[in-house]
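Participant: next come a sequence and a model predicted from it.
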Amino acid sequence: MVNDRITLKDLSVFTAESGGGVFALLDHTTTQAGRDQVRAHIQHPPDTYEQLQEMQDAIRFWADNGNLWPEVISNGTLVMLEKFFEAADNVSAPPSSLNLLFGPFLQKILNKTDYFFTQFSLSHLSDLLKGCTQLAAIPESHEVPPLLQRELEAIKEELKHRLTPELLAINKNTPYRELATLNFKARREIKNTTYRLMKHYARLDAWQSLARATQKNNWIFPQLSAPLPASFEAKGLHHPLLTHPVSYDISFNEHQNFLLLTGANMSGKTTFMRALGVGALLAHLGVGVPAQSFRISFLQGIITNMHVEDNILKGESYFLAEVKRMKQTATKLQEPLPHLVLMDELFKGTNVHDAYECTRAVVEGLLNRPHHLMVLSTHLYEVAQHFANRKDILFAYFVTDTAPDNTYRFRYELKEGISNDRIGYRILQQEGVIDLLKKHD
């Protein structure tokens, strides 16, 4: 799956909104390196259906066996080891016999910092090896999925280094002469091995983090299917960033691959589309999704047309930015594998007549792309009416209750059909804008 920066921004993946965005929900890592891996995984999800299946199996394993995760390794462990090996170039010769004999006394008196740095660093190196040893032993007692198996086998191979037994034996009672000798050997001999182990651990940290997110949020693992035929079915789907979310049921496929949403402003259309996008993204990370049931075919990518920005330095208007984003979308949809396309109120940067003509033309073109799944929200009632007889379009709207006294209430319920609700003027009145403008000094 390939998602660009605009899509991730539209779906509030890395923003500070709502307590940190979707990324914050997924981040249960124990190390900064693991956190970086989660971020990279979101930016570059699995490329193929087969890779996604393997990733989901690995994350599911940690969801079922979280108690196997070693607690001996912390973020401080990896940070300390980085500093330890960065200082390796300063150690040019092994400790002398005199140094080994009087080392503890001299180091404590003359250079406390180096003494404790050596002691502390080697204890962290020992902790890393202990944690990795625990991980490498998991296949001996549990059936491990292929992706995780390969990672653990790689760790097991790295642990065959000749210094591993000596480093594993380190404890608080280890004599200084042993520490001094190991300090020299480790910096010269096991640096690259340690860095490789840290990379393996970071990947595993990311996977167990995604598993914890699934469990903590009570998400369910989705059913995945091959790219074609394209399909998206969900029951009880909701947006994970909302405190009191509304659940949605949705089902569309290659026979009805276009969902046209209508409804009043603020009735819930944008939130619904974001819920679809976030659900699809989570599924393609191998993570659970916020739903009662969820089935999706493998997607090549998610494309959003929600919030575009004009570029004053280039002299580009908002409307031109919208057109360019639509051009990018059309280019992507020439690819054979399916995408999920989410379009929110197209062509807001022009007048109503132009918006209608442009939206209608775009929809007619998109309907010639049956392998992709597409959602368009619009408050242009005329667009929905123009396509009302198309059998390949699903029509749905969000209910708004209105009263004779110009009050209104959003129910955020998704219903089948087309809405003709128009409450913009009522909102203007209710917010007191009309009254303010009528006042005179």
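Facilitator: Happy to help now that I have it. Residues are numbered from 1 along each chain as shown.

Participant: so where do the strands sit in the stretch 251-400 of the chain?
Facilitator: For the stretch 251-400 of the chain, the strands defined by DSSP state E, counting those that start in this stretch occupy 258-262, 293-297, 301-305, 339-344, 373-377, 393-402.

Participant: now those as TSV including mean pLDDT and distance to residue 54?
Facilitator: Backbone N, C-alpha and C define where each C-beta goes, glycine included. Below are these laid out as TSV (pLDDT from 0 to 100; distance: least, C-beta to C-beta, whole Å):
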stretch	mean pLDDT	distance to residue 54
strand 258-262	94	31
strand 293-297	97	17
strand 301-305	95	19
strand 339-344	96	22
strand 373-377	96	24
strand 393-402	86	33
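
Participant: pipe those into CSV and attach mean neighbour count and distance to residue 324 per row.
Facilitator: Formatted as CSV, the strands of the stretch 251-400 of the chain follow (neighbours: other C-beta atoms under 10 Å; distance: least, C-beta to C-beta, whole Å):
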stretch, mean neighbour count, distance to residue 324
strand 258-262, 23, 22
strand 293-297, 20, 29
strand 301-305, 24, 11
strand 339-344, 24, 14
strand 373-377, 25, 18
strand 393-402, 19, 26
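
Participant: could these be laid out in a markdown table, adding distance to residue 56?
Facilitator: Below are those laid out as a markdown table (distance: least, C-beta to C-beta, whole Å):
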| stretch | distance to residue 56 |
| --- | --- |
| strand 258-262 | 26 |
| strand 293-297 | 12 |
| strand 301-305 | 18 |
| strand 339-344 | 18 |
| strand 373-377 | 20 |
| strand 393-402 | 28 |
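
Participant: nearest to residue 195, of the ones you listed?
Facilitator: Checking the strands of the stretch 251-400 of the chain against residue 195 by C-beta to C-beta gives strand 301-305 as the closest, at 32.8 Å.

Participant: so what touches the closest one?
Facilitator: With contacts defined as C-beta atoms under 8 Å, 6 or more residues apart in numbering, strand 301-305 is touched by 1-4, 6-7, 10-11, 277, 280-281, 322, 325-326, 328-329, 332-333, 339-344, 346.

Participant: now whichever strand or helix holds residue 412: mean pLDDT?
Facilitator: Per DSSP states H and E: residue 412 is located in strand 408-416. The pLDDT scores in strand 408-416 average 82.

Participant: chain center to whichever helix or strand comes after that strand: distance?
Facilitator: Along the chain past strand 408-416, the next helix or strand (assigned with DSSP H and E) turns out to be helix 424-430. Centroid separation for helix 424-430 versus its chain: 38 Å, with C-alpha atoms, centre = their mean, to the nearest Å.

Participant: helix 424-430 - contacts with which helices or strands?
Facilitator: Contact analysis of helix 424-430 by 3 or more C-beta pairs under 8 Å, 6 or more residues apart in numbering; DSSP states H and E lists strand 408-416 as its packing neighbours.

Participant: got the domain ranges for this structure?
Facilitator: 31-216, 223-438 (automatic domain parsing).

Participant: quick one: end-to-end distance for the last one.
Facilitator: Taking C-alpha to C-alpha, to the nearest Å, the span from the opening residue of domain 223-438 to its closing residue is 58 Å.

Participant: any idea how far it is from the middle of the chain?
Facilitator: Relative to the chain's own centre, domain 223-438 is displaced by 21 Å; criterion: C-alpha atoms, centre = their mean.

Participant: picking that back up, please flag which of the contacts of strand 301-305 sit within helices.
Facilitator: 6-7, 10, 277, 280-281, 322, 325-326, 328-329, 332 (DSSP state H).

Participant: over to the closest residue to residue 337 other than its chain neighbours: give its phi and psi.
Facilitator: Leaving aside its chain neighbours, residue 337 sits nearest to residue 300 (3.8 Å; criterion: C-beta to C-beta, 6 or more residues apart in numbering). Main-chain dihedrals, residue 300, degrees, to the nearest 10: phi -70, psi -30.

Participant: what sits against residue 300?
Facilitator: By C-beta under 8 Å, 6+ apart, the contact set of residue 300 is 1-2, 227, 335, 337-339.

Participant: distance of it relative to residue 284?
Facilitator: From residue 300 across to residue 284, the span is 10 Å (C-beta to C-beta, to the nearest Å).

Participant: give the residues shared as contacts by the two.
Facilitator: Going by C-beta under 8 Å, 6+ apart, residues that sit against residue 300 and also against residue 284 are residue 1.

Participant: among the strands of the stretch 251-400 of the chain, which is nearest residue 210?
Facilitator: Once these are compared by C-beta to C-beta, strand 293-297 is nearest, at 15.7 Å.

Participant: sheet partners, orientation included, of the closest one?
Facilitator: Sheet pairing for strand 293-297, assigned by DSSP bridges, gives strand 223-225 (parallel), strand 231-237 (antiparallel).

Participant: who touches it?
Facilitator: Here strand 293-297 makes contact (C-beta under 8 Å, 6+ apart) with 220, 222-237, 279-280, 283, 338.

Participant: now, of these, which are buried?
Facilitator: Among these, those classed as buried by 16 or more other C-beta atoms under 10 Å are 222, 224, 230-234, 237, 279-280, 283, 338.
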